[in-house]
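**Q** model this:
(one chain, ligands or ions: 1)
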Amino acid sequence: MAIEQLATDILDGAALRADFPVFDRAHRSGQPLTFLDSAASAPKPRAVIEAVADAYGHHYANVHRGIYELSEDATARFEAARKAVAGFIGAPSDREVVFVRNATEGINLVAYSWGRTNIGPGDLILSTEMEHHANLVPWQQLAAESGATIEYVGITDDGHLDLDDLQLKLARGPRLLAVGHVSNALGTINPIEEISAMAHAAGAIVVLDAAQSVPHMPVDVVRLGIDFLALSGHKMLGPSGIGALWGRRELLEAMPPFMTGGSMISKVTLAGTTWAEVPLKFEAGTPAIAEAIGLHAAIDYLDAIGMENVRAHERFLFQHAWDALSAAPGVRLLGPASPDEHAAVISFVLDGVHPHDVATVFDGHGVAVRAGHHCAQPVMARYDLPATTRASFYVYNGLEDVERLLAAIRATRTLFGVG
Ligand code: PLP
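**A** The predicted structure is shown next:
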């Protein structure tokens, strides 16, 4: 997108804010709430809250088992949610979408089921220094238990994945590459099509942590050329407690169950058990029924806006925020400068003030940001930082939020005598 196209925004964040009841509540600062922590978890629009209430109120029974109208109704709505997830990420079939609690559980499912079947002593697993712990610790565990080796692709000084390092490490024949689409700690958007092609040429499968991309940009699993994708509903305006794992069907079919019990069986005798078809093979026990229906409502809400528009809006806000923060004294920014390579997640350090103090002072001005290591301690270690402050934007944000972020920075520097 040319820079001059950035002169106008595509969405009216302030108008969309009216759809989110949380913005009606009074903040203790007496200021309106500037919510810049959507990368952690996003507020819910009324449509999602009402869909969950309606599911519990009028359509609730257990799914996949009742031979009565209410259960058939609940099952149809639950399965419609699965179709909606499949459509949203371009999955060839809804049978490839497994409901899980969150991205963390989706990645663990792959690490336990695919990993413990396919990884053995002497094998190499690749992850990256940029990962959220959710896409790092399960692979460390797998390596420790299987006798495999794990290595990490490095990050450049300006916050890109080091593709030369990736190429070198791929030459050693890893079985799997676990990589994030968008870094929650740096905001970097990784070139996944290119990375997948490189990994496949080296014989590795690709597990994509899409927790920070699916909520914010169009994502198509086929175009990306990946093998598995994990997402969390709560980061994309949906309820917590529901997420999805997508996997290529032949991989899912060859994998053993992750958890066992009710719902995931075909036949049980005292002599042994056979499994249900995918995806039910991976959905032991009663699932998060109303939450899946709420996720469907979140997808409908985002689809009505259009994911291209969501991305364009966030790109616009990123560009303005990045330019303003770059010009602000005492602010050190992390991650790539190009809006093509950086999602609307801005990690920064305010010289002379600890990020926890920054977040506390910001809160006094009604500005909610995240401070800490963002569950990405290796990223902090890479830049020799204990923590950063992170401002992350979504559909309900606008330029007024960028202004209030800047005002909070100025106030913090004045308060700490560093401005
Ligand atoms: N991956 C990334 C990049 C994240 O930002 C997060 C959450 O912040 C996760 C994975 C884990 O998400 P969840 O806690 O919903 O499983």
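**Q** residues of the stretch 101-250 of the chain that sit close to the ligand?
**A** By the rule C-beta under 6 Å from any ligand atom, the part of the stretch 101-250 of the chain lying against the ligand is 102-104, 132, 134-135, 180, 184, 209, 211-212, 232. Every C-beta, even on glycine, is put in place using the N, C-alpha and C of the backbone.
**Q** so Ala61: helix, strand or coil?
**A** With DSSP: H, G, I helix; E, B strand; the rest coil as the basis, Ala61 sits in coil.
**Q** likewise Asp9?
**A** What three-state DSSP gives for Asp9 is coil.
**Q** and Thr44, how many residues sit next to it?
**A** Actually, residue 44 is Lys rather than Thr. Number of residues near Lys44 (other C-beta atoms under 10 Å) recorded here: 24.
**Q** host element of the nearest residue to Leu11 once chain neighbours are set aside?
**A** For Leu11, ignoring the flanking residues on the chain, the nearest one in space by C-beta to C-beta, 6 or more residues apart in numbering is His313 at 4.0 Å. Secondary structure assignment for His313, by DSSP states H and E: helix 307-327.
**Q** re the thing from before, please flag which of the residues of the stretch 101-250 of the chain next to the ligand sit within strands.
**A** 180, 209, 232 (DSSP state E).
**Q** make JSON lines out of the residues you listed and add neighbour count.
**A** Shown next, in JSON lines, are these (neighbours: other C-beta atoms under 10 Å):
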{"residue": "Gly180", "neighbour count": "31"}
{"residue": "Asp209", "neighbour count": "31"}
{"residue": "Ser232", "neighbour count": "29"}
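**Q** for the residues you listed, which one is nearest the ligand?
**A** Ser232 (3.3 Å; C-beta to the nearest ligand atom).
**Q** any idea how far Leu170 is from Ala201?
**A** Distance of Ala201 to Leu170, given as C-beta to C-beta, to the nearest Å: 8 Å.
**Q** give me the more crowded residue out of these two.
**A** More neighbours surround Leu170 than the other of Ala201 and Leu170, with 22 against 10 (other C-beta under 10 Å).
**Q** next one, pLDDT for Ala2 please.
**A** Looking at Ala2, its pLDDT is 38.
**Q** again with the one 4 residues further on
**A** Predicted confidence (pLDDT) at Leu6: the value is 51.
**Q** tell me the contacts of Arg248?
**A** 96, 227-228 (C-beta atoms under 8 Å, 6 or more residues apart in numbering).
**Q** need the three-state assignment for the closest residue in space to Ser266 that isn't next to it in sequence.
**A** Nearest non-adjacent residue to Ser266, counting by C-beta to C-beta, 6+ apart: Thr274, 4.3 Å away. What three-state DSSP gives for Thr274 is strand.
**Q** what's around Thr274, how many residues?
**A** By the measure other C-beta under 10 Å, the count of residues near Thr274 is 10.
**Q** same question, His132
**A** By other C-beta under 10 Å, the residues close to His132 number 21.
**Q** please apply the same query to His58.
**A** For His58, using other C-beta under 10 Å, the count is 10.
**Q** got it, and the one 4 residues further on?
**A** Around Asn62 sit 16 other residues, with neighbours defined as other C-beta under 10 Å.
**Q** tell me which element Ala244 is part of?
**A** Element membership for Ala244, per DSSP H and E: strand 243-247.
**Q** then that strand to CSV, C-alphas only?
**A** Provided in CSV are the C-alpha atoms of strand 243-247 (Å, rounded to 0.1, in the frame of the first residue of the first chain):
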residue,chain,number,x,y,z
GLY,A,243,-9.9,-22.2,20.1
ALA,A,244,-9.2,-24.3,17.1
LEU,A,245,-6.5,-26.5,15.7
TRP,A,246,-6.5,-27.0,11.9
GLY,A,247,-4.5,-29.8,10.4
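**Q** quick check: next helix or strand after it?
**A** helix 249-254.
**Q** and the contacts of that following helix?
**A** The contact list for helix 249-254 (C-beta under 8 Å, 6+ apart) reads 92-93, 95-96, 98, 114, 117, 205, 227-228, 278-279, 281-282.
**Q** between the residues you listed, which is closest to the ligand?
**A** Checking these against the ligand by C-beta to the nearest ligand atom gives Phe228 as the nearest, at 13.4 Å.
**Q** bridged to the closest one, which residues?
**A** Going by DSSP bridges, Phe228 is paired in beta bridges with Val207, Gly247.
**Q** so who does it touch?
**A** Contacts of Phe228 by C-beta under 8 Å, 6+ apart are 106, 110, 114, 205-208, 245-248, 251.
**Q** of the residues you listed, which is the nearest to the ligand?
**A** Gly106 (7.8 Å).
**Q** surely the closest one is within a helix?
**A** Yes - Gly106 forms part of a helix when assessed by three-state DSSP.
**Q** touching, it and Gly247? I think so.
**A** No - taking contacts as C-beta atoms under 8 Å, Gly106 lies outside contact range of Gly247: 9.0 Å.
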